[in-house]
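In: Okay, sequence plus prediction incoming.
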Amino acid sequence: MKKKLTENQREFMITNFFQNEKYAGAKGIAEKLLDKGHCIVAGKDCIWHGGIGNFIKTSEAEDAIDCLLYEFDLDIFKSSGYYKETHKFILKDLAEKVDESVKQFNEIKELV
């Protein structure tokens with residue numbers, strides 16, 4: 001059984017890979033794909049093109065009209081160069097912010 005993502009992990013994935021300003025339901029779709037690996041979406045075109053869209057398989061949804069079945073394999077995505085490079089860059093940025101926060105904390109702590 002797949003390990004469930006933590007809330008921070010889900011937000012990391014949604015914020016950095018599943019953004020779509022043009023489609024109001026994009027976050028909900030992303031959550032379903034991350035949690036279950038599939039969902040049915042109205043329309044005949046995938047809402048993501050390039051980037052994460054390269055890792056979402058679509059097919060006509062059975063027993064639905066003008067809807068697609070989206071399928072997403074998180075493990076395959078995480079093994080991609082695209083994911084690894086983005087992940088590395090973001091972790092580096094977060095580490096710098098942690099270092100800055102620790103420095104600020106220590107300087108303020110010395111005011112006692």
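Out: Looks like it arrived, so ask away.

In: and the nearest residue to residue 20 once chain neighbours are set aside, what is it in contact with?
Out: Spatial nearest neighbour of residue 20, excluding adjacent residues (Cβ to Cβ, 6 or more residues apart in numbering): residue 26 at 3.7 Å. Glycine gets a C-beta too; all of them are placed from N, C-alpha and C. Contacts for residue 26 were tallied using Cβ atoms under 8 Å, 6 or more residues apart in numbering; they are 18-20, 47-48.

In: Going through these, which ones are buried?
Out: By neighbour count, with 16 or more other Cβ atoms under 10 Å, the contacts of residue 26 hold 18, 20, 47-48 as buried.

In: Can you pick out the most distant pair from those?
Out: 18 and 47 (9.5 Å; Cβ to Cβ).

In: Nearest residue to the middle of this protein?
Out: Centroid-nearest residue in the chain: residue 13, 2.3 Å away (criterion: Cα atoms, centre = their mean).

In: Backbone dihedrals for it, both of them.
Out: Here is the backbone geometry of residue 13 (degrees, to the nearest 10): phi -60, psi -50.

In: Name the nearest residue to it, ignoring sequence neighbours.
Out: Per Cβ to Cβ, 6+ apart, closest to residue 13 is residue 34, 5.8 Å.

In: what helix or strand does that neighbour sit in?
Out: helix 26-36 (DSSP states H and E).

In: Also residue 39?
Out: strand 38-42.

In: Identify the residues contacting the helix or strand following that strand?
Out: Counting by DSSP H and E, the next helix or strand C-terminal to strand 38-42 is strand 56-60. If you take Cβ under 8 Å, 6+ apart as the criterion, strand 56-60 is touched by 33, 46, 48, 67-72.
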